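Peer 1: can you look at this prediction? I've put the sequence above it.
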Number of protein chains: 4
Amino acid sequence: MPGPPNRRRAGRPRSARADRAILAAAREALAELGWSGLALGDVAARAGVAKTTLYRRWAGKNELAVDALAALFDEQLELPDCGSLEADIGGAVLRFAVLLDRPETRTALMAVVAEAGQDEALRLRIREALVDRQKKLVRLGRERAQRRGEMPPDEGVPDPALDDLIFDVVAGAVVHRMTVSSGTVDPAWAARLARLLVHGLAHEHAR
Amino acid sequence: MPGPPNRRRAGRPRSARADRAILAAAREALAELGWSGLALGDVAARAGVAKTTLYRRWAGKNELAVDALAALFDEQLELPDCGSLEADIGGAVLRFAVLLDRPETRTALMAVVAEAGQDEALRLRIREALVDRQKKLVRLGRERAQRRGEMPPDEGVPDPALDDLIFDVVAGAVVHRMTVSSGTVDPAWAARLARLLVHGLAHEHAR
Amino acid sequence: MPGPPNRRRAGRPRSARADRAILAAAREALAELGWSGLALGDVAARAGVAKTTLYRRWAGKNELAVDALAALFDEQLELPDCGSLEADIGGAVLRFAVLLDRPETRTALMAVVAEAGQDEALRLRIREALVDRQKKLVRLGRERAQRRGEMPPDEGVPDPALDDLIFDVVAGAVVHRMTVSSGTVDPAWAARLARLLVHGLAHEHAR
Amino acid sequence: MPGPPNRRRAGRPRSARADRAILAAAREALAELGWSGLALGDVAARAGVAKTTLYRRWAGKNELAVDALAALFDEQLELPDCGSLEADIGGAVLRFAVLLDRPETRTALMAVVAEAGQDEALRLRIREALVDRQKKLVRLGRERAQRRGEMPPDEGVPDPALDDLIFDVVAGAVVHRMTVSSGTVDPAWAARLARLLVHGLAHEHAR
DNA sequence: AGTTAAACGAGACGGTACGTCTTGTCTTAGG
DNA sequence: CCTAAGACAAGACGTACCGTCTCGTTTAACT
């Protein structure tokens, strides 16, 4: 028996208020100062918390930012039911664009991805906390379209690689336009992207 | 006229070797240490140059990185002629993936984009040095496809917004897959993306 | 009388083992790490005791160190009877030197004296626990010498200032040599100091 | 040829103003806050200097304090000529007492000596900068007394061990009285110590 | 051939954030 | 009420880079 699961750890328990205050302060500071201006001592001070308390929970800027991002993504992203696959995709694109319009989101996402280039653990954390959690939107959209008869049902084996492609195309196009190209995502652009995707996918099944 | 074009500035001219050595050292250090590990003092030391010499040419990490990236993009990216639009797109995707496989490229691109979130001048520099220069590949591909008869010729007004969409979809999907999703770009994935795009575009003109 | 002696305080009584363990751990840590390396959290851990338990008994590093020192001084210092005043002084000097040879004693004594420079209460505690308790050795030595006829008996009023001078000269010379001058105290040095003092004192009474 | 001795080191030379400002600020802060309150960041700020500038010159609190003390000792300590050996000693004792009456001197001296218990290099620095430099006062006093005929001239070999003993007795008695015993050094006490020493030394040569 | 003026290397400078450490208090649960 | 465990606020530690500066030296172009 490895130990009773209800076994309380000794000593004073960690404050849940501190966790929330730190994540909120991190988002606030990020929005104001940008990534390179983000100082963990400042985040701690905004949160009304000592630096030790912050470092007890997160190893550094990167880990903290991924968790702050994941909380935002989880609460903001969803797939609206707009009646058709094309409209659903357009709606999801617009929601994502709203989220990326916040300067802290855009900046933090790019920065942690940049740091992840040298940091395998961070790469894993990003995939688990951001990518894999949001891929459920693609699965949900596909299943909804299949129920509506817009897409054929899975024949035998499902094709997760197709879901991955769709995820990277949609998310990638939005992120690239808003960050690299310094463009804007408006309803017209979202609709055009959705149409491109839906018609491209139609041939995918007819091959 | 303020001065003749052959007007040489007085004093010792700037060393061209220093420029090249600094850019090379920056790429090397970036590949080894990642963005946050990149220290300009270290770059200068690797280049065998004083910090002053570096700062005389670039204002900071961001500007230096954009220039290092632009040089790489210019010399590496091109649109191979593979006989069909779909094959051309697949080929370009694979070339871009090879470039992004270099750790310094991936890291630097994401990092400068992150910093640009708070820095309008940097955003402009990125658009001029990276985005606008590479959009010529899309224009070239479209014109080649039109000559082949794979796409209808422009009717009256051209549609630059469509070129932009294509650029963001292709580049965005590749970048997103290789950085955010931590996935790999192989010939099969490239081909599938190209097919999706070509078929999606076919309907774009038939609307 | 503030309370009946058999009055038990409510609740769990304090552990006497803890007191001893803490003092011993403090001496050990001091010998290993020196004053600035002495951390009360570490002392508590070595003593197998919680920090709370330590702080309930001592207000801080200084008070703890003074008590640890006082216990050592009380058990180690005495005036051996070597037959003559000069030999007695030499013997006491050597005993004191042995005590100061322990790194924790030397370090702690100097450190608490340094801290006492800004702390009146600590100064008082040092005088009571260390200085006044050990001045009895000077009184004892003088009385023994008077019994032997080596010194004249007190005429009318005693002269405590002379005892104080002797105390500061003997203790000061040993401490200064072993700490400030980084010298060693061997039997020859001790004998020379004793002779200097005895002959100097002879004239003191003949003035 | 290993290099001309007047060869200028490359780069910007160190500021002499900074050295002086730091030592002065250290003495000031020490007097105000005591040893444990002395923070090097604060010293740097008072000196109008960056922390790096301070750390470039001194390895830590201890080294800085020894140098600050040595400067004080050098400028304050001397052997006044009062006409007789006994009066000279009394005068020197009073001068030393004035110096140790400054809270920063007393505190810093004790503190660095405490730290030196664990630090061989610091012990050496103290001996060189403080002890050996001030022992010249003992030599000077002896030579002056020999010229006056108060002490016999050196017969054959000199006796540096006697100078050392005198130094430790005088300095030790003053330091011990003012720090450990919390006593005061007034002219009467100084005169009594001087008399004790002179008469004790008389027998030293008559043995 | 000498003069001139900027570029160059070296490295010190004032600043700022880092992540760690220690202090003394507080909050749990258990004895 | 004491105890062990450990989280907490506060703040100094010594390090690393930043971007600027101040030196003395080098180098090409212009007299």
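Peer 2: Cool, the structure landed. Numbering: from 1, shown residues only, chains lettered A, B, ... in the order given.
Peer 1: residue in chain A nearest to chain C?
Peer 2: Residue nearest to chain C within chain A: A:G11 (9.7 Å; C-beta to the nearest C-beta). C-betas here are computed from N, CA, C, even on glycine.
Peer 1: can you give me the neighbour number for that residue?
Peer 2: By other C-beta atoms under 10 Å in any protein chain shown, 7 other residues sit near A:G11.
Peer 1: try A:G200
Peer 2: A:G200 has 25 neighbours, counted by other C-beta under 10 Å.
Peer 1: against chain B, how distant is the residue of chain A closest to chain C?
Peer 2: 34 Å (C-beta to the nearest C-beta, to the nearest Å).
Peer 1: report the secondary structure state of that residue.
Peer 2: Here A:G11 is coil, with the state taken from DSSP: H, G, I helix; E, B strand; the rest coil.
Peer 1: now A:L38
Peer 2: coil.
Peer 1: how about A:M151?
Peer 2: With three-state DSSP as the basis, A:M151 sits in coil.
Peer 1: how about the contacts made by it?
Peer 2: With contact set as C-beta atoms under 8 Å, 6 or more residues apart in numbering or on different chains, A:M151 has these partners: A:L85, A:R142, A:A145, A:L201, A:H205.
Peer 1: including neighbour count, could those go into TSV?
Peer 2: Formatted as TSV, the contacts of A:M151 follow (neighbours: other C-beta atoms under 10 Å in any protein chain shown):
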residue	neighbour count
A:L85	20
A:R142	20
A:A145	19
A:L201	23
A:H205	11
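Peer 1: tell me how far A:E86 lies from chain D.
Peer 2: On the measure of C-beta to the nearest C-beta, A:E86 and chain D end up 61 Å apart.
Peer 1: what sits against A:D42?
Peer 2: With contact set as C-beta under 8 Å, 6+ apart, A:D42 has these partners: A:A29, A:L33.
Peer 1: and the residue lying closest to A:L64 once chain neighbours are set aside, its phi and psi?
Peer 2: Nearest-residue entry for A:L64: A:W58, 4.2 Å, with adjacent residues in sequence omitted and distances by C-beta to C-beta, 6 or more residues apart in numbering or on different chains. Backbone torsions of A:W58, given as degrees, to the nearest 10, read phi -130, psi 140.
Peer 1: ok, A:W58 - contacts?
Peer 2: Here A:W58 is in contact with A:I22, A:L64, A:D67 (criterion: C-beta under 8 Å, 6+ apart).
Peer 1: what do you get if the cut-off is 10 Å, keeping everything else the same?
Peer 2: Residues near A:W58 by C-beta atoms under 10 Å, 6 or more residues apart in numbering or on different chains: A:D19, A:I22, A:L23, A:A26, A:L40, A:V43, A:L64, A:A65, A:V66, A:D67, A:A68.
Peer 1: reformat the contacts of A:M151 into TSV and put pLDDT, secondary structure and distance to B:P160 next to each item.
Peer 2: Shown next, in TSV, are the contacts of A:M151 (pLDDT from 0 to 100; DSSP: H, G, I helix; E, B strand; the rest coil; distance: C-beta to C-beta, whole Å):
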residue	pLDDT	secondary structure	distance to B:P160
A:L85	96	helix	28
A:R142	94	helix	32
A:A145	95	helix	31
A:L201	93	helix	26
A:H205	69	helix	32
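Peer 1: what's the most distant pair in those residues?
Peer 2: Largest separation among the contacts of A:M151 by C-beta to C-beta: A:L85 and A:H205, giving 12.6 Å.
Peer 1: host element of the one residue in chain A that gets nearest to chain D?
Peer 2: Nearest residue of chain A to chain D: A:G41, at 14.1 Å (C-beta to the nearest C-beta). Using DSSP states H and E, A:G41 falls within helix A:40-47.
Peer 1: CA atoms of that helix as PDB?
Peer 2: Once non-C-alpha atoms are left out, helix A:40-47 reads as follows in PDB (Å, rounded to 0.1, in the frame of the first residue of the first chain):
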ATOM      1  CA  LEU A  40       8.800  37.900 -11.500                       C
ATOM      2  CA  GLY A  41       9.600  40.100  -8.600                       C
ATOM      3  CA  ASP A  42       7.100  42.600  -9.900                       C
ATOM      4  CA  VAL A  43       4.500  39.900 -10.500                       C
ATOM      5  CA  ALA A  44       4.900  38.800  -6.900                       C
ATOM      6  CA  ALA A  45       4.600  42.300  -5.600                       C
ATOM      7  CA  ARG A  46       1.400  42.900  -7.700                       C
ATOM      8  CA  ALA A  47       0.000  39.700  -6.300                       C
END
